[in-house]
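Peer 1: Requesting a structural model of the entry that follows:
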Amino acid sequence: MLHADWSRHRLNFNFVAITSRARMAYKDTYFVRMYDDRDPERQVIAESPLFAGLSAEDSPDYETRLERACRDAATWDYMEGEPCVLAAGESSIRFAFECGAAALRLGQGSRKGAPALPAQGPWTQGQRPVTINGLVWMGDIDTMSRRMRRKVEDGFSVIKVKIGALDFDAELKMLRTLRDIAGADTVIRLDANGAFTPQEAMKRLQRLASLNIHSIEQPLRPQYVAELADLCRHTPIPIALDESLIMRPADIDRTIDTIQRIRPQYLILKPSLCGGLGCADTRGPNRGYGMVGNVGIRKQHRPRRLGRVGGHLRAVLAARIGYGSAIHQQHRDAAIATRRPIPLVPSMTYAYISL
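Peer 2: The predicted structure is shown next:
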């Protein structure tokens, strides 16, 4: 029988993290501890990563719903591979239970604080790091330029830059400098977080195209479905949907219809924001969609492949895309995070998928 309880934890940032949506000095998150009474000494901790103002299930009664899911955990026959029946309306809670149950089935977790990692490999043995991209958060131009140079000096082969909060001409000049110092072989990805307007988006993409940009995430806000579809048909830079995919588990069919209308070049799937693993990995392939997930190194969680490729989608740059920089005070060094496995399961799973 499965047992679970939860706790809230505040992650303090090293600096004020800025996107085109908000400024953040910290992030509150939730951890779910799980164990089976057939082996109560082996426990796993999974994150239920609610994003305030972004997750579809963000509401004042979130903790009440998390408590209810923990209380009902015993009703889920997870060892038989039964789909998760908990938290039907919450992507983040469902994702935590799906990942924790998977770890228990694989014999992972911890016993009295000592990691239980039966599936040893080069990463868990400290022989090979996990390659991540270098995320450049928003700031003033001087701050962002300094952070970009640091990413190049640190040897990142993929650098992701958040844009859209500053003067566009200044951002464009900054990105030209990044391309000059990083060289032609470095992959540069952009994330606009919906900062562009439909009237200006195409002109801005055309100006960015000369910099050999790999892709840009969410140039328009999700509500501009028709405009996104038109932009994707004519864009000089591949477009990835991100915020457009945020939903509750019950909204999977509507979201797939939206994807089919927009036809972007890439999808960025985050099961903790778009229905949990069950929605992405079971309902998706039935409609010609599938996924391969790579885990975000946000809190030293142990990476593993999740899901499968189905239909006409294929994973792109699978080991390198979608990680983000470790900016939390508790976990400063992303390189250390990729080399020190601890008995936590993934917090955020990303798939970078080409349509």
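Peer 1: quick one: secondary structure of Trp6?
Peer 2: strand (DSSP: H, G, I helix; E, B strand; the rest coil).
Peer 1: Buried residues in stretch 5-15, which are they?
Peer 2: Across stretch 5-15, burial judged by 16 or more other CB atoms under 10 Å covers 6, 11. Bear in mind the C-beta positions are built from the backbone N, C-alpha and C, glycine included.
Peer 1: how close does the residue nearest to Arg176 when sequence neighbours are not counted sit to Thr64?
Peer 2: The shortest distance from Arg176 to any non-neighbouring residue, by CB to CB, 6 or more residues apart in numbering, is to Leu211 (6.4 Å). To Thr64, Leu211 is 48 Å away according to CB to CB, to the nearest Å.
Peer 1: where does the stretch 51-200 of the chain have low pLDDT?
Peer 2: Low-confidence segments of the stretch 51-200 of the chain (pLDDT under 70): 116-120, 124.
Peer 1: Please enumerate the helices of the stretch 51-200 of the chain.
Peer 2: For the stretch 51-200 of the chain, the helices defined by DSSP state H, counting those that start in this stretch occupy 62-71, 91-105, 141-153, 168-182.
Peer 1: and the angle from the shortest one to helix 91-105?
Peer 2: For the pair helix 62-71 and helix 91-105, the angle between their directions (axes from the mean of the first three to the mean of the last three CA atoms, to 10 degrees) equals 30 degrees.
Peer 1: elements contacting helix 62-71?
Peer 2: Here helix 62-71 touches strand 2-18, strand 23-36, helix 91-105, going by 3 or more CB pairs under 8 Å, 6 or more residues apart in numbering; DSSP states H and E.
Peer 1: Nearest to Ala229 among these would be which one?
Peer 2: Minimum separation from Ala229 across these (CB to CB) falls at helix 91-105, 24.4 Å.
Peer 1: Send me stretch 168-187 as PDB with only the CA atoms.
Peer 2: The C-alpha coordinates for stretch 168-187 follow below in PDB (Å, rounded to 0.1, in the frame of the first residue of the first chain):
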ATOM      1  CA  PHE A 168      14.700  45.400 -28.600                       C
ATOM      2  CA  ASP A 169      17.500  47.200 -30.400                       C
ATOM      3  CA  ALA A 170      19.700  46.800 -27.300                       C
ATOM      4  CA  GLU A 171      18.800  43.200 -27.000                       C
ATOM      5  CA  LEU A 172      19.600  42.600 -30.600                       C
ATOM      6  CA  LYS A 173      23.000  44.300 -30.200                       C
ATOM      7  CA  MET A 174      23.700  42.100 -27.100                       C
ATOM      8  CA  LEU A 175      22.800  38.900 -29.000                       C
ATOM      9  CA  ARG A 176      25.100  39.900 -31.900                       C
ATOM     10  CA  THR A 177      27.900  40.200 -29.300                       C
ATOM     11  CA  LEU A 178      27.100  36.800 -28.000                       C
ATOM     12  CA  ARG A 179      27.200  35.200 -31.400                       C
ATOM     13  CA  ASP A 180      30.600  36.900 -32.000                       C
ATOM     14  CA  ILE A 181      32.200  35.600 -28.800                       C
ATOM     15  CA  ALA A 182      30.500  32.200 -28.800                       C
ATOM     16  CA  GLY A 183      31.300  31.300 -32.400                       C
ATOM     17  CA  ALA A 184      29.200  29.700 -35.100                       C
ATOM     18  CA  ASP A 185      29.100  26.200 -33.500                       C
ATOM     19  CA  THR A 186      27.300  27.400 -30.300                       C
ATOM     20  CA  VAL A 187      23.600  26.800 -30.300                       C
END
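Peer 1: and it, how far from the chain's centre?
Peer 2: Centre-to-centre, stretch 168-187 and its host chain are 24 Å apart (CA atoms, centre = their mean, to the nearest Å).
Peer 1: Using TSV, please lay out the helices of the stretch 51-200 of the chain together with mean neighbour count and distance to Pro236.
Peer 2: Below are the helices of the stretch 51-200 of the chain laid out as TSV (neighbours: other CB atoms under 10 Å; distance: least, CB to CB, whole Å):
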stretch	mean neighbour count	distance to Pro236
helix 62-71	17	41
helix 91-105	27	33
helix 141-153	16	23
helix 168-182	15	14
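Peer 1: mind checking which of those is nearest Gly53?
Peer 2: helix 62-71 (12.4 Å).
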